[in-house]
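K.L.:
Following is a predicted model, sequence given first.
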Amino acid sequence: MLSRRRPELEALTAIVIGVLTAAAVYLMLARNFMRFLFGLILLSNAVNLTIFASGRMTKGAPALVPYGADAPVSVVGNALPQALVLTAIVIGFGLLAFALALAFEGYRRMQTVDTDEMRFAEPKEDATK
Amino acid sequence: MSWVLVMPIAVPFATAVVAYLARNYPAGRWISLAGSGLSLVVSAVLMVAVLNEGVIAAQMSNWNAPFGITLVADYLSAVMVVITAITGLATAIYALGEIPEKTERLGFYALFQVLIAGVTGAFLTGDLFNLYVWFEVMLIASFSLLVIGGGKDRLDAGIKYVALNLVSTLIFLSGIGLLYGVTGTLNMADLRQAVAQAENQGLITVIAMMFMVGFGVKAAVFPLFFWLPASYHTPYFAISAVFAGLLTKVGVYALMRMFTLVFVGDVGFTHEILLWVSVLTMFTGVIGAAAQSDFRKILSFHIISQIGYMTLGLALFTPLALVGGVFYLVHHIIVKANLFFVAGLAQQYAGSTDLNRIGGLYKSAPLLAALFIIPAFSLAGFPPLSGFWAKYLIVKAALEIDAWFIAFVSLLVGLLTIFSMTKIWGMAFWKPHPDGIYQTPDRAPARVTRAMIIPIAGLAAMTIVIGFYPEPFVQFATTAAAQLLDPTDYVTTVLGVQP
């Protein structure tokens, strides 16, 4: 059952996604790996909002089926994007937790968060050979 | 029917759980080995089922397509699952020799089995969002495996690998979101019709390019490959072999699937871009390799170069080119994993992988020298090894449509590959060891080298078999390519199967 579209909410979400993405790209251009990760977190939220918005913003009840019925009786919101976003948030949370731990361990061992100075896997003298 | 499709994913996961519980005991490594053997058996069962019945599909939890998650196997999926199990088994044997006990206690085998499960899942799923989930399973396992064992170089490599792969994942994910927004479905078979009927075909092409970039990073095509040579030379050899063999190929597989099944509305635009990307990938990869002087770094750049051939098979988009692409995919996994295995054993015998610091392997390890020659020349495309037929099919496909320049570049890249392989041969095998030591016995006890030489010999034997007896393999690839170009069977099987 389709419910009423809310174009003004969709426009607002689109702007929020744009702002988040812009801030994310700005942060990710930094040499500092921590800034890069913060940018990544913002970008991942922008992507989650994109998925959410692609399910269309509608005014509707929660997608619940009453006991004994086979389908929702009233107009309901699209539940699939919410399920997708929930999965994406959980996965993104795990990956970012790993990335932050990796950044910390990297800082502890390498004494730097500047990606230009991280030359342990590819030492500079290789370039001249 | 559904258990046939579920088992290749469930077995590695179950093995991972048991291997994790037994990680502090020697039993852990034998559990991993047994699990990998069992994986090969269930993959073979899947292959037999696909050979007998054509495309098979199963709906998970009795939710009909396109609403639930579908697992589906056509010829391409089936062969990828089998080759994943073979690589997994070879790596499990190799790891017995290489992986130290300290690393085993950290849960090495559990992570390894999760990686195999993720790769297999990505090959079998028929649902786009589920593909994303399998990518993530694979990624998180690969992150951990890359940095396990510590060390500055591994952490450094890990940071670059993690950063670029996370960005590509987000691009892929936003592509999924937008595609869902346009079509309202995520089932790949259903998407084929939905995308063809979409009103705004320009938007579809934009989304297609997002998928191309997302998968392109995973597959390490030009100009998105920089994470690969920054990281593949640092982890354990068993790990870099399984990465080199399988991970980039998941990206290539995803490209092949999406750009034959779903995004075929504007082939003149999307596949033309992929064509030139492939040519540049082949060429920059092989040139990059020529500048390196480390065993594994040379091999890493050659992965990139070879990826170009596979995407070229897709980009030319003729039946013969796709046959070549599929054949190349399978041949490359065997050969490339094997070369990384050889690099690991060379380090055991000579003490390093830096070609300037090793040598004399022809004298100290003649068997290894013989076993290096087979995958190395197969990689370069020497007849009668498997690489010859793979390159022959691609070049013939290019000549058939009068793409002279592309055929020329692929032959030239083959020639430059020989240059790199002879460089390794000359510096690691023929020249005397700079320290005058040919072998340090305590570095390479027989137990270790025996476990490492078995998979090398096994994969080399497969290369020879495919090389001397290519007919059934080409026949198989022909059917796989036909299914890709005309996915009617795929679509009807997925959408028609009742749970």
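P.N.:
Perfect, I can see it now. Numbering: from 1, shown residues only, chains lettered A, B, ... in the order given.
K.L.:
Nearest to chain B: which residue in chain A?
P.N.:
A:S54 (2.9 Å; C-beta to the nearest C-beta). Placement of C-beta: from N, CA and C, glycine included.
K.L.:
And for the residue lying closest to that residue once chain neighbours are set aside, the neighbour number?
P.N.:
Nearest residue to A:S54, sequence neighbours excluded (C-beta to C-beta, 6 or more residues apart in numbering or on different chains): B:G181, at 2.9 Å. Using other C-beta atoms under 10 Å in any protein chain shown, B:G181 is surrounded by 17 other residues.
K.L.:
What about residue 63? Give its phi and psi, please.
P.N.:
All of this refers to chain A. With angles defined as degrees, to the nearest 10, A:A63 sits at phi -80, psi 80.
K.L.:
Chain B is the one I meant
P.N.:
phi -90, psi 120.
K.L.:
Looks like it contacts B:D127 (just checking).
P.N.:
No: with contact defined as C-beta atoms under 8 Å, B:W63 does not reach B:D127; the gap is 10.6 Å.
K.L.:
More neighbours: which of the two?
P.N.:
B:D127 (25 against 12).
K.L.:
Contact partners for the more buried one?
P.N.:
B:69-70, B:186-188 (C-beta atoms under 8 Å, 6 or more residues apart in numbering or on different chains).
K.L.:
Flag every buried residue along the helix or strand containing A:A14.
P.N.:
Assigned by DSSP states H and E, A:A14 falls within helix A:7-28. For helix A:7-28, the neighbour count (16 or more other C-beta atoms under 10 Å in any protein chain shown) marks A:13, A:17, A:20-21, A:24, A:27-28 as buried.
K.L.:
now the residues you listed in TSV, with pLDDT and distance to chain B?
P.N.:
As requested, the buried residues of helix A:7-28 are exported to TSV (pLDDT from 0 to 100; distance: C-beta to the nearest C-beta, whole Å):
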residue	pLDDT	distance to chain B
A:T13	91	12
A:I17	94	9
A:L20	95	12
A:T21	95	9
A:A24	95	9
A:L27	94	12
A:M28	93	8
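K.L.:
Can you add distance to B:G245 and give these back as a markdown table?
P.N.:
Below are the buried residues of helix A:7-28 laid out as a markdown table (distance: C-beta to C-beta, whole Å):
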| residue | distance to B:G245 |
| --- | --- |
| A:T13 | 42 |
| A:I17 | 38 |
| A:L20 | 38 |
| A:T21 | 35 |
| A:A24 | 34 |
| A:L27 | 35 |
| A:M28 | 31 |
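K.L.:
from the residues you listed, which is closest to B:R23?
P.N.:
B:R23 has its nearest neighbour among the buried residues of helix A:7-28 in A:M28, at 36.4 Å by C-beta to C-beta.
K.L.:
any idea how far B:L339 is from that closest one?
P.N.:
34 Å (C-beta to C-beta, to the nearest Å).
K.L.:
I'd like to know how far the nearest residue to A:F38 once chain neighbours are set aside sits from A:L95.
P.N.:
Once flanking residues are discounted, A:F38 sits nearest to A:L27: 5.3 Å by C-beta to C-beta, 6+ apart. According to C-beta to C-beta, A:L27 stands 17 Å off from A:L95.
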